[in-house]
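Asker: sequence? don't have it. structure:
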C-alpha cells in the first residue's frame, strides 16, 4: 500500500491515506457554534486533496472548554453549522470526522474544572473537583449525546480524545488519577472510563461509521507516568469495544519537552499495528517521502498531518507531485498544476 491508495474501514472509504489532524482554532462563537473561519479552514484542505479531515477537539460539555473559542457539540443548536461544514467538505471529495473531548483539569480557568482527582495541572489552572460516580455518569452521557449530534450532522466518523492531558487521558494516567475506587488504582481501573466511553459511543453510532481514539502513547520523562506497554494494553481493549483505529500521539499530561524528529512517533504506530490494531502516527510527518514510506513499510495505516497542513492547505496535492504522481486538483486550480 502507498500513501495515495484508498483506505476502507466499515462504511468509510478515503480517496487517499492523508488525514488532517485535529488542531484547535479558538475561533468558535462563545456559544460553541462554528464560524466562517471553520468553513474556509477545513474547506481549503478538502479542496487541497486530503483523504479525511478531523475537526478540532469539540467539547462535549460547556465546562470542558480549553477556551471560550472552542467548538462545541454539547447542544443541538450547534448541529446546523457543523452539518453545513460536512456538506461543503463532502462536495470536494474528502471525508470528515470530529474529535470529541473534554479538557477536564485543563479547562480554561474561567470554567469550573473537573477531573479524576483534585490535582491541578499547573499553577495556571484551577484545582479540579474530583468527579464522583454521578459526575462520571454525566460525562459518559455527554459523550453519547455528542456522538449522536455528530451523526446527525453527517460526520463520517468520530475520534475520542484520550491524549494530551485532557479528561480521558487524566483518568488513564497515575500522574493525575489517584483515586482508590473502581476508576483508579491499577491500569484496569484507570482505563475504565476510556473503555466505557468508547463502548457507549460505539453503541450510539451506526455500525458503518468508524470510531477512532487518540492516545498519548507514553509519559516518558514524567516520573510515575505510564509506559508504552500500558497503552498497547489499552489499545487492545479499545479494539475489543469497537474502536477501529488508534491515533498515536504523546505527552500533554505533564510539563515535559517533546521530541520533534521527523517520524518520531512511527515506532509507536508500528507497535500498535503489531498488536493487531490499525494505527496512524501524528507529529512531524509532513515530508511526502516519509509519509509514503510509513504506509509502504506497514508502520501505519494512515498518516496524520498537522503543521504541514497549517502551512500549506494543498499539502496533499504537492505530495502527489513530489512522489511523481499526477496531481488531482479541482478544476478551478488545474492550470496551476499543468
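Answerer: On my side now, so go ahead. Values in this document were obtained by computation on a predicted structure and should not be read as measured data. Residues are numbered from 1 along each chain as shown.
Asker: strands of this protein, residue ranges please.
Answerer: Along the chain, the segments classed as strands by DSSP state E run 7-9, 12-14, 18-20, 52-59, 95-101, 114-115, 129-130, 157-162, 211-216, 245-249, 279-281, 303-305.
Asker: winner for burial among the ones you listed?
Answerer: Mean neighbour count (mean count of other CB atoms under 10 Å) peaks for strand 18-20 among those, with a mean of 30. Backbone N, C-alpha and C define where each C-beta goes, glycine included.
Asker: could you pull up the mean pLDDT of that one?
Answerer: The pLDDT scores in strand 18-20 average 98.
Asker: please apply the same query to stretch 111-126.
Answerer: Rounded mean pLDDT across stretch 111-126 is 96.
Asker: what does it rub up against?
Answerer: 62-65, 103-107, 109, 127-131, 135, 165, 167, 170-171, 176-179, 183-184, 193, 253, 255 (CB atoms under 8 Å, 6 or more residues apart in numbering).
Asker: which among those end up buried?
Answerer: When these are checked for burial by 16 or more other CB atoms under 10 Å, the buried set is 62-65, 103-107, 128, 130-131, 165, 167, 170-171, 176-177, 179, 183-184, 193, 253.
Asker: now, which of the residues you listed lie within helices?
Answerer: 167, 170, 171, 193 (DSSP state H).
Asker: just these now: which is nearest residue 149?
Answerer: residue 167 (18.3 Å; CB to CB).
Asker: what's the closest non-adjacent residue to that closest one?
Answerer: residue 104 (3.2 Å; CB to CB, 6 or more residues apart in numbering).
Asker: what segments of the chain are helices?
Answerer: 36-47, 79-91, 133-153, 167-172, 187-190, 192-204, 228-240, 266-274, 288-296, 307-311, 315-322.
Asker: just those: most buried one?
Answerer: helix 167-172 comes out most buried of these by mean count of other CB under 10 Å, with a mean of 28.
Asker: same for that one, what does it pack against?
Answerer: Other helices and strands packing on helix 167-172, by 3 or more CB pairs under 8 Å, 6 or more residues apart in numbering; DSSP states H and E, are strand 114-115, strand 157-162, helix 192-204, strand 211-216, helix 228-240.
Asker: make it 10 Å
Answerer: strand 95-101, strand 114-115, helix 133-153, strand 157-162, helix 187-190, helix 192-204, strand 211-216, helix 228-240 (3 or more CB pairs under 10 Å, 6 or more residues apart in numbering; DSSP states H and E).
Asker: just send these back as TSV, with distance to residue 317 too.
Answerer: Below are the helices and strands packed on helix 167-172 laid out as TSV (distance: least, CB to CB, whole Å):
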stretch	distance to residue 317
strand 95-101	17
strand 114-115	42
helix 133-153	27
strand 157-162	23
helix 187-190	43
helix 192-204	33
strand 211-216	24
helix 228-240	32
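Asker: can I assume residue 199 is in contact with residue 205?
Answerer: No: when contacts are counted by CB atoms under 10 Å, residue 199 is not listed as touching residue 205 (11.4 Å).
Asker: quickly list what's touching both of the two.
Answerer: Taking CB atoms under 10 Å, 6 or more residues apart in numbering as the criterion, residue 199 and residue 205 both touch 211, 242.
Asker: next one: the residue nearest to residue 167 from residue 260, what distance?
Answerer: Going from residue 104 to residue 260 by CB to CB, to the nearest Å gives 25 Å.
Asker: kindly report the same for residue 228.
Answerer: 19 Å.
Asker: nearest spatial neighbour of residue 87, chain-adjacent residues omitted?
Answerer: residue 154 (6.9 Å).
Asker: residues touching the one you found, list them.
Answerer: Contact analysis of residue 154 by CB under 10 Å, 6+ apart lists 79, 82, 83, 84, 85, 86, 87, 89, 90, 96.
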